[in-house]
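Asks: show me how the following folds:
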Amino acid sequence: MQTLALWVLVTYGANLAITTSKIFAPVRAWIAVRSTFLGTLVRCPMCAGFWIGFAWPALGVESAFVSMTVAWVIHVVLARLGAKEL
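Replies: Below is the predicted model of the structure:
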């Protein structure tokens, strides 16, 4: 259970940093200018969540879909609660 909680926190934290954080904003803008696909990837919590989960060592494709779902659900819940950009 502790491993699962850690995995969820790490994947969502990475997702949040990549897709919405102010510190990563210049990198998102730089990527978006160079590639439409990658620009979308770094702005979409669901898209980034999939690839972050896919890259997680030794968990396989299943973790990509779980990570995508977790990232999207947490993102939607926080948005509905009024969370602002970091």
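Asks: who touches the helix or strand of the chain with the lowest mean pLDDT?
Replies: Every helix and strand of the chain was ranked by mean pLDDT, DSSP states H and E. The lowest is helix 61-80, at a mean of 79. Residues outside helix 61-80 that contact it (C-beta atoms under 8 Å, 6 or more residues apart in numbering): 7-8, 11-12, 15, 19, 45-54, 56. In this view, the C-beta of every residue, glycine as well, is placed from N, C-alpha and C.
Asks: buried residues, it. List them.
Replies: 63-64, 66-68, 70-72, 74-75 (16 or more other C-beta atoms under 10 Å).
Asks: same check on stretch 38-50?
Replies: Those would be 39, 41-50, for stretch 38-50 by 16+ other C-beta under 10 Å.
Asks: let me have those in CSV, extended by pLDDT, secondary structure and distance to residue 32.
Replies: Putting these into CSV (pLDDT from 0 to 100; DSSP: H, G, I helix; E, B strand; the rest coil; distance: C-beta to C-beta, whole Å) gives the following:
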residue, pLDDT, secondary structure, distance to residue 32
39, 93, helix, 3
41, 89, helix, 10
42, 92, coil, 7
43, 91, coil, 7
44, 88, coil, 12
45, 85, helix, 16
46, 83, helix, 17
47, 85, helix, 13
48, 86, helix, 13
49, 82, helix, 18
50, 81, helix, 18
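Asks: which one of the residues you listed sits closest to residue 27?
Replies: residue 42 (7.4 Å; C-beta to C-beta).
Asks: ok, and the closest non-adjacent residue to the closest one?
Replies: The spatially closest residue to residue 42, leaving aside those adjacent along the chain, is residue 28, at 4.8 Å (C-beta to C-beta, 6 or more residues apart in numbering).
Asks: that neighbour touches residue 39, doesn't it?
Replies: Yes. Taking contact to mean C-beta atoms under 8 Å, the distance of 7.4 Å between residue 28 and residue 39 places them in contact.
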